[in-house]
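Trainee: Any chance you could fold what I've pasted below:
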Amino acid sequence: MSFDGTQYVRIAYHIPIKVEAQDISLRFRTSRPDGLFLLMIGMSNGNGKEDLLEISLEMARVKVRMRLGNREKVKYLQVLSSYNAHSFIAV
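Mentor: Prediction:
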């Protein structure tokens, strides 16, 4: 797929799904320092917040944010250089 920064794909599930993936891998090339790769939002977990998984580019670093229940974790991966192809695996 190819996106110019204004496009996106949205897939809505109206029933809960079970995912048994252990990791997510992405390969991309960009000249932009910020952007959103993936945002998955689950059902409300009872504390007013939904479980979520977000993979984004923030100031040329890959950011992985996960919230399950009351616990939230944010991890920053490598700094990226423009126009080069990049790959990463979020485990």
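Trainee: Can you name the residues in contact with the strand or helix carrying residue 66?
Mentor: In the assignment (DSSP states H and E), residue 66 maps to strand 61-68. With CB atoms under 8 Å, 6 or more residues apart in numbering as the test, strand 61-68 has contacts from 45, 49-57, 72-80, 86, 88, 90. For every residue, glycine as well, the C-beta is placed using N, CA and C.
Trainee: now do 6 Å
Mentor: By CB atoms under 6 Å, 6 or more residues apart in numbering, the surrounding residues in contact with strand 61-68 are 51-56, 73-77, 79, 88, 90.
Trainee: By neighbours, which of these wins?
Mentor: Using other CB atoms under 10 Å as the neighbour criterion, residue 55 leads those with 19 neighbours.
Trainee: right, and it touches residue 38 too?
Mentor: Yes. Between residue 55 and residue 38 there is a contact under CB atoms under 6 Å: 4.3 Å.
Trainee: circling back: what angle do strand 61-68 and the helix or strand following the strand holding residue 66 make with each other?
Mentor: Sequence order places strand 71-79 as the next helix or strand after strand 61-68, per DSSP H and E. Interaxial angle, strand 71-79 versus strand 61-68 (axes from the mean of the first three to the mean of the last three CA atoms, to 10 degrees): 170 degrees.
Trainee: Could you export strand 71-79 as PDB, CA atoms only?
Mentor: Written as PDB, here are the backbone C-alpha positions of strand 71-79 (Å, rounded to 0.1, in the frame of the first residue of the first chain):
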ATOM      1  CA  ARG A  71      -1.900  -0.700  32.800                       C
ATOM      2  CA  GLU A  72      -0.400   1.400  30.000                       C
ATOM      3  CA  LYS A  73       3.000   1.000  28.500                       C
ATOM      4  CA  VAL A  74       4.800   3.300  26.000                       C
ATOM      5  CA  LYS A  75       8.000   2.200  24.300                       C
ATOM      6  CA  TYR A  76      10.100   4.200  21.800                       C
ATOM      7  CA  LEU A  77      12.200   2.300  19.200                       C
ATOM      8  CA  GLN A  78      15.000   3.500  16.900                       C
ATOM      9  CA  VAL A  79      15.400   7.000  15.400                       C
END
